[in-house]
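Undergrad: Can you look at this prediction? I've put the sequence above it.
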Amino acid sequence: MMALEAEHPRLRRLRDWLLPLLVGGVALVVYLQTLLPGTGWGDIARFQYVTRVWGIPHRFGYPLYIALSRLFGALPVGDLAYRVNLMSALFAALAVITVYLLVVHLSGSRVGAVAAALAFAFSRAFWGQAVVAEVYSLNAFLIGAVLFILLAWQRSRRPAWLYLGIGLYALSFGNHMTVVTLLPAVLYLVLATEPRTWLKPGRVVALTGLMFLGALQYLYVILRAQQQPLLNELGPFSWGGWLYWMTRNRFPGQFFGFGLGDQVDRVRIFLELLEKQFYRWGYILGWIGAWELLRSSKEPALPGAARRGTLQGTEPFAFLALAVLGIAVFGMNYGGITFRIYFIPAYLIFAVFAGCAMGALLDLVRG
């Protein structure tokens, strides 16, 4: 088969397209079979309804989510609630594909990529969010896509990848503001890859412009609040009230309200939740993969490392590690009942680590 692919590049390209689509398709079929068939409760019902009235749901307004759910709400299938649930399933499947792409990019192992993508697809927390109207499957897709695109830029140094990655990152703020936890990782990768980036006026202007365009999404929240839609949890617009919402001051004590002694317990909870997503062997593979990615970034750790196209330098590992750290620290210091769901992007990255470990182990077995 490998010889056949070497003789037929088109076959190899076809496989590279079909495998991630197949993995995402498998996940989507299962999500559709387990999809919430109608109206939900609490926030789920709110997100199913808000698109119909162009409303402003709680906290940040979620302008990107509302715009996308408006598009899905026009589909000629089921009722409105089902259509918005369907949107979650589709973006969840796309998030699964980003796991596959990340593993292949980092390790070259398609077997590891398939296993990691499916493990993430059916992890407890993520699967639960993939079948209801919520913002977290879209959030996972956006984060996974940003990670992959920026790593593609780190390898190729093509400015188009950088602009696409930063543009998508700016856009993701319109879905869930917790993506701010990726900012240290993004800044690190940009500066570590091209330290003189900020000395290039054209690039600085372009990147700043992309971030500004992303921020323009919130004009929807400002303008729509003044029109008093049927669902408007922001209330009559004022700059002070908007800042109150955006900084979450309406939830005093829920952010970074834990003492030093509590932090140890929160770390324990995070690690336990991580293990529950992938069970014992997946959990172990994740840690092995993180170590292998760090080690192989310094020098080829296995005979197959050169074949896998191991990235040089520690930037990819440090980038992903900083992303996990930011997500985990925020989630561990949030006192609300939804803090477990905030860890989903960290689970995505951990699944990538596990896939890299499987690829390394397969290379070791093959000699």
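TA: Now that the structure is in, tell me what you want to look at. As the structure is a prediction and not an experimental result, all values here were calculated from the model.

Undergrad: For the chain, give me the ranges with low pLDDT.
TA: 1-8, 59, 232-260, 297-313, 367 (pLDDT under 70).

Undergrad: Determine the longest helix present in it.
TA: As assigned by DSSP state H, the longest helix anywhere in the chain is helix 260-298.

Undergrad: tell me which strands and helices that helix is in contact with?
TA: Judged by 3 or more CB pairs under 8 Å, 6 or more residues apart in numbering; DSSP states H and E, helix 260-298 is in contact with helix 124-130, helix 315-332, helix 344-366. Where you see a C-beta, it was placed from the backbone N, CA and C, and this is true even at glycine.

Undergrad: List the buried residues in the helix or strand just after the first one.
TA: Helices and strands here follow DSSP states H and E; after helix 124-130, the next one along the chain is helix 136-156. Of all the residues in helix 136-156, those buried under the rule 16 or more other CB atoms under 10 Å are 136-155.

Undergrad: Which parts of the stretch 101-250 of the chain are helices?
TA: When assigned using DSSP state H, counting those that start in this stretch, the helices of the stretch 101-250 of the chain occupy the ranges 110-121, 124-130, 136-156, 159-172, 183-193, 201-215, 219-226, 239-246.

Undergrad: Out of these, which one sits most buried?
TA: helix 110-121 (a mean of 25; mean count of other CB atoms under 10 Å).

Undergrad: So for residue 101, which of the helices of the stretch 101-250 of the chain sits nearest?
TA: Nearest of these to residue 101, taken as CB to CB: helix 136-156 at 5.1 Å.

Undergrad: Extract the CA atoms of the closest one and return them as PDB.
TA: Written as PDB, here are the backbone C-alpha positions of helix 136-156 (Å, rounded to 0.1, in the frame of the first residue of the first chain):
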ATOM      1  CA  TYR A 136     -19.000  24.800  23.800                       C
ATOM      2  CA  SER A 137     -18.700  22.600  20.700                       C
ATOM      3  CA  LEU A 138     -18.300  25.700  18.600                       C
ATOM      4  CA  ASN A 139     -15.700  26.900  21.100                       C
ATOM      5  CA  ALA A 140     -13.800  23.600  20.800                       C
ATOM      6  CA  PHE A 141     -13.800  23.800  17.000                       C
ATOM      7  CA  LEU A 142     -12.600  27.400  16.900                       C
ATOM      8  CA  ILE A 143      -9.800  26.700  19.400                       C
ATOM      9  CA  GLY A 144      -8.700  23.500  17.700                       C
ATOM     10  CA  ALA A 145      -8.700  25.300  14.300                       C
ATOM     11  CA  VAL A 146      -6.600  28.200  15.700                       C
ATOM     12  CA  LEU A 147      -4.100  25.800  17.200                       C
ATOM     13  CA  PHE A 148      -3.700  23.900  14.000                       C
ATOM     14  CA  ILE A 149      -3.500  27.000  11.700                       C
ATOM     15  CA  LEU A 150      -0.900  28.700  14.000                       C
ATOM     16  CA  LEU A 151       1.200  25.600  14.100                       C
ATOM     17  CA  ALA A 152       1.000  25.300  10.300                       C
ATOM     18  CA  TRP A 153       2.300  28.900  10.200                       C
ATOM     19  CA  GLN A 154       5.100  28.100  12.700                       C
ATOM     20  CA  ARG A 155       6.300  25.300  10.300                       C
ATOM     21  CA  SER A 156       5.800  27.000   7.000                       C
END
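
Undergrad: circling back: let me have the helices of the stretch 101-250 of the chain in CSV, extended by distance to residue 15.
TA: Shown next, in CSV, are the helices of the stretch 101-250 of the chain (distance: least, CB to CB, whole Å):
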stretch, distance to residue 15
helix 110-121, 8
helix 124-130, 26
helix 136-156, 18
helix 159-172, 23
helix 183-193, 29
helix 201-215, 34
helix 219-226, 42
helix 239-246, 45
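
Undergrad: Identify whichever of those helices lies nearest to residue 39.
TA: Closest among the helices of the stretch 101-250 of the chain, using CB to CB: helix 124-130, at 17.1 Å.

Undergrad: Remind me what that closest one packs against, helices and strands.
TA: Right, helix 124-130 is packed against helix 9-33, helix 80-107, helix 110-121, helix 136-156, helix 260-298, helix 344-366 by 3+ CB pairs under 8 Å, 6+ apart.

Undergrad: How far off centre is the fourth one?
TA: It stands for helix 136-156. 7 Å (CA atoms, centre = their mean, to the nearest Å).

Undergrad: ok and that helix relative to helix 9-33, angle-wise?
TA: 160 degrees (axes from the mean of the first three to the mean of the last three CA atoms, to 10 degrees).

Undergrad: What is helix 136-156 packed up against?
TA: Checked by 3+ CB pairs under 8 Å, 6+ apart, helix 136-156 has helix 63-72, helix 80-107, helix 124-130, helix 159-172, helix 183-193, helix 315-332, helix 344-366 packed alongside it.

Undergrad: do you know which of those helices lies nearest residue 268?
TA: Per CB to CB, nearest to residue 268 of the helices and strands packed on helix 136-156: helix 315-332, 9.8 Å.

Undergrad: by contact count, what packs against the closest one?
TA: Short answer (3+ CB pairs under 8 Å, 6+ apart): helix 315-332 packs on helix 136-156, helix 183-193, helix 260-298, helix 344-366.

Undergrad: Pull the residues that contact the second one.
TA: Contacts of helix 183-193 with the rest of the structure, by CB atoms under 8 Å, 6 or more residues apart in numbering, involve 146, 150-151, 153-154, 157, 162, 166, 169, 197-198, 313, 315, 318-320, 322-323, 326.

Undergrad: As CSV, the helices and strands packed on helix 124-130 with distance to residue 51 would be great.
TA: Listed next are the helices and strands packed on helix 124-130 as CSV, based on distance: least, CB to CB, whole Å:
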stretch, distance to residue 51
helix 9-33, 20
helix 80-107, 6
helix 110-121, 26
helix 136-156, 13
helix 260-298, 30
helix 344-366, 22
